[in-house]
Each structure stands twice: as structure tokens, then as C-alpha cells.
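**Q** Generate a structure from the sequence data that follows.
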Amino acid sequence: MKKKLCIYCQHVLGIGHLARMAAITRALHSFEVTLVLGGPESRVVFPENIDIVQLPGLQMDAEFSGLQPVDMGASLAAIKEQRRERLVGLIDSLQPDLLLIELFPFGRCGFRFELDPLLSHVHEHLPDCRVVCSVRDILVERENQIKFEQRAVERLNHFFDLLLIHADPEIVKLDQTFSRMEDISIPVQYTGYIAEKSKHEVGVRLRRSQGLEPEEQLVVVSAGSGSVGNRLLKSALAAHTVQARKHQKKIRLQLFSGPYLKKEHFSRLLKLAGPGAVVDRFTDRFSDWLAAADLSISMGGYNTTMNVVAAGCPALIFPFSQNREQRLRAEWLSAQVQVKILEEYDLLPERLEKKMELMLQVKKYSPQVSLNGAEETSRLLAQEANYD
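**A** Numbering: from 1, shown residues only. As a prediction, this is how the structure comes out:
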């Protein structure tokens, strides 16, 4: 009989956390999986054989200062109470063998109102349930780093049984953005990066289906969910227009804005697209497009970056400026793979066009990075659940 795994994953801005969890759930063949979500609707596709429980939705407000209901007419206090009750009730009815919580207590601290009671309930009433924390490679900085790290260590040591870090320790260790690793008393395991992969021949077939000529180069531009990154998208289209004016060779540009980009911004992108540029909102074949591409231009989120690396695709990355996470990832990876960082001034169309021209001369590569994070996560969870 398969053991029961309950996963808690909350997204508040982009869809990176969901995409990473979707990759993990596709590898979880040893469990009955229940996935608890609590953010706005997304177009991320999860396996059909898992049960999805949607809590009343919460998301980040426009100022990034706190939570607000997805349903703008709802009461925040009422939604918090509903979520708290539903989580505890769900755990009592499921009686899971494993509870996997994504990011907390390293992040999602705004959800302590439901996660602290949930963890206390499991600790007191389900002592055989193993509790696992799932966290990415790099943490964002905090205003009071000392207090934050102390609370994280206390929660980990008291409530959790295992910490899984979705990174390659040869590239970056969690120690580099969390100074209290030596004080964590539970087992810590690195899984490798989680990345979607596509075969070279799939990319070749996609190029043919798009009518690309053998000598024609393909640039894929993206901004993750589209919650941020509109300026990069506009600049890439403008740079492509400059490129077409300057050069005889054909360069196709395929842009994916992301599902959360505002309608007015998307309409503007459609108007900016010149000959040889195609603007779409979303694709469920992003890894195939990267396998087909000669160059990727994107923000620097975990999922996009690791999918680019898995494809061995030369890349220009414009890091999100509100915190250090994306810049640090791009800087550390640039020592190993063909990734270059774009600064604010590089978004001027003429400068970006020159950056594109240089990177289009770089060949694809075979990454020497651990990219089997989803499969390794599945193996370690099965081990934690005492499967043979």
C-alpha cells in the first residue's frame, strides 16, 4: 500500500514555487499525494493522479507589504480563520505519513497564522507523521536577520525531521545566505537543482514546426509569471527591431510574457513586436523552446534559470532588483555556465542588441551541474517514509 504524503505549497507573487512543486509531484510515484494550494489561479499543470485541495486564496498586495484576499471582497481575518480550520481538519482526515512544507520556516512567515498551529497539531496528535521542509538554493535577505534565523532554527529543530535543499552544493550552499546551518540538528540533504529537461531532437522538431530555416537563429524571451519584468520584455522587442535593421541574417524572437502580466502591458507588447517577433502569454513547452533556442533572455528566477542551464542555452539574465536572490544565483552560475547578467543600463535597445549579438555567437554547452532534484527528492522522501 502506498504511503500518504501531504504537501503544502503557497505562492503569493509568481508561479516559481508551483512550477518547482509540479516537477516534484511528477516524480512522486511511491505515494498517495495530496497537494494543498492557497494562492491565485495559475496555469501550472499538476499530475492527474494527485489530489489538490485549494484553500481560500491569499496573495501579496500591490506594495509587497502584506497579504490580501484573492477575492477582493472577502475579509482577510475570516479567510485566515477558514484556512486555519481547513488545514487542521484536512490533516486529521488524511492522517498522512509525511507532511512536506515548501519554504517555511525560511520564508512564507506571513503564513505563521496557519502553519504554526498546523505544526503544533501534527507534533501533538500525529507523532508518527514525518515533517519535511523543502527549500530552494538562496534565501532573500531580512530586515532582522538574526531574529529571523533564530526563529527558523527553533522551528526546524522542534517541528521538522528533515531539510531538503534544492541546489547543487558545488554551485551554492544554503550556508551562503543562512548563517546558522551548524545549529540545525535535523538531517540536511541536498537534492540537486530541480529543472525541466528536453531532448535536443525535440528542439529540432520544434524549430521545423515553426518554419525556422537551418541558419536562422532563435531568441526566446521570458519573464516567468509576468508579475514583474515588463521592462525587460519591451527592451528585448526594441532590441530585436534594431537587430533586424542592422543585420542581414534572420533572427526569430519568441516572447512569453507570463500569465500574470497586465492586459495593457501585453497589448503594448503586441504593438511593439516587429517582423520576426512573436508574442504569446504562456507555453507549457518552455523547456522544448529552450532546447530549440540559440539564446535565452529572461529574469533570474530559480525555475527559468535552471531550465535554461538544463538546456545548455546561452543566456542573458536581468535579475529582479527588489532582493538579492536572482543576482546571486546568476553570479554564482556564471562561473560554471554561459550566463551573463544584464544591468539596468543594458536595457537600452542599442546596448541590449549588442549583448544579444555577442551571446548569439556562443555555442550550446553540456552543463556540469546536478539537475536531478525532483527525482532525488522523491527518493529521499521514500527513504524518510521507510520504504524499502
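
**Q** low-confidence ranges in the stretch 101-250 of the chain?
**A** 248 (pLDDT under 70).

**Q** show me the contacts for the nearest residue to Glu350 once chain neighbours are set aside.
**A** Take Glu350 and drop its neighbours on the chain: the residue closest to it by Cβ to Cβ, 6 or more residues apart in numbering is Val242, 6.0 Å away. Using the backbone N, CA and C atoms, a C-beta is placed for each residue, glycine as well. Val242 makes contacts with 349-350, 353, as judged by Cβ atoms under 8 Å, 6 or more residues apart in numbering.

**Q** Just the buried subset of those residues, written out for ChimeraX, thanks.
**A** Selection of buried members from the contacts of Val242 for ChimeraX, criterion 16 or more other Cβ atoms under 10 Å:
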select :349,353
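
**Q** Let's see which of the contacts of Val242 end up in helices.
**A** Judged by DSSP state H, those include 349-350, 353 as members of helices.

**Q** hmm, back to that, want to try TSV for the contacts of Val242, with pLDDT as columns?
**A** What follows is these, written out as TSV (pLDDT from 0 to 100):
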residue	pLDDT
Pro349	96
Glu350	96
Glu353	97
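
**Q** next SSE after the strand or helix carrying Ala78?
**A** Taking DSSP states H and E as the definition, one finds Ala78 inside helix 76-94. As assigned by DSSP H and E, the chain's next helix or strand after helix 76-94 is strand 98-102.

**Q** name the helices or strands packed onto that next one?
**A** Strand 98-102 is packed against strand 3-9, helix 16-27, helix 112-125, strand 130-135, helix 373-384, with contacts defined by 3 or more Cβ pairs under 8 Å, 6 or more residues apart in numbering; DSSP states H and E.

**Q** can you rerun that using 6 Å?
**A** With contacts taken as 3 or more Cβ pairs under 6 Å, 6 or more residues apart in numbering; DSSP states H and E, strand 98-102 sits against strand 3-9, strand 130-135.

**Q** Out of these, the one nearest Gly229 is which?
**A** Ranking these by proximity to Gly229 (Cβ to Cβ) places strand 3-9 first, at 22.2 Å.

**Q** relative to strand 98-102, how tilted is that closest one?
**A** 20 degrees (axes from the mean of the first three to the mean of the last three Cα atoms, to 10 degrees).

**Q** Can you lay out the helices and strands packed on strand 98-102 as TSV showing distance to His29 and mean neighbour count?
**A** Output for the helices and strands packed on strand 98-102, formatted as TSV (distance: least, Cβ to Cβ, whole Å; neighbours: other Cβ atoms under 10 Å):
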stretch	distance to His29	mean neighbour count
strand 3-9	11	23
strand 130-135	17	23
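
**Q** Phe113 is nearest to which of those?
**A** So among the helices and strands packed on strand 98-102, strand 3-9 is nearest, using Cβ to Cβ, at 13.5 Å.

**Q** Can you tell me what sits against that closest one?
**A** 17, 21, 31-36, 94, 96-102, 385 (Cβ atoms under 6 Å, 6 or more residues apart in numbering).

**Q** Next: stretch 272-282.
**A** So stretch 272-282 is contacted by 43, 237, 240-241, 252-257, 259, 269-270 (Cβ under 6 Å, 6+ apart).

**Q** So for it, mean pLDDT?
**A** Throughout stretch 272-282, pLDDT has a mean value of 95.

**Q** just stretch 36-50 next, same as before
**A** Mean predicted confidence for stretch 36-50 is 91.

**Q** CA atoms of it as CSV?
**A** Extracted in CSV, the C-alpha atoms of stretch 36-50 (Å, rounded to 0.1, in the frame of the first residue of the first chain):
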residue,chain,number,x,y,z
VAL,A,36,-2.6,21.9,-0.6
LEU,A,37,-2.5,25.2,-2.5
GLY,A,38,-3.6,28.7,-1.3
GLY,A,39,-2.7,31.3,-3.9
PRO,A,40,-4.3,32.8,-7.0
GLU,A,41,-5.2,30.7,-10.0
SER,A,42,-2.3,29.6,-12.3
ARG,A,43,-1.8,27.7,-15.5
VAL,A,44,0.7,25.3,-13.9
VAL,A,45,-0.3,21.7,-14.7
PHE,A,46,0.0,19.1,-12.0
PRO,A,47,-0.2,15.3,-12.5
GLU,A,48,-3.8,13.9,-12.7
ASN,A,49,-3.2,11.3,-10.1
ILE,A,50,-2.7,13.7,-7.2
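
**Q** Can you list the buried residues in that stretch?
**A** Quick answer for stretch 36-50 (16+ other Cβ under 10 Å): 36-40, 42, 44, 46, 50.

**Q** can you check stretch 118-133 too?
**A** Under 16+ other Cβ under 10 Å, the buried positions of stretch 118-133 are 118-119, 122, 126, 129-133.

**Q** from the residues you listed, which two are the most distant?
**A** Going by Cβ to Cβ, the pair spanning the buried residues of stretch 118-133 furthest: Leu126 and Cys133, at 16.7 Å.

**Q** Contact partners for Leu164?
**A** Counting by Cβ under 6 Å, 6+ apart, Leu164 has contacts 134, 189, 191, 377.

**Q** Of all pairs in those residues, which one is the farthest apart?
**A** Ser134 and Gln189 (10.6 Å).

**Q** Out of the helices and strands packed on strand 98-102, the one nearest Lys80 is which?
**A** strand 3-9 (15.2 Å).

**Q** Grab the nearest non-local neighbour of Ile341.
**A** Ala330 is the one closest to Ile341 (Cβ to Cβ, 6+ apart), at 5.1 Å.

**Q** how close does that neighbour get to Val88?
**A** As judged by Cβ to Cβ, to the nearest Å, Ala330 and Val88 stand 40 Å apart.

**Q** go on, Met21?
**A** 21 Å.
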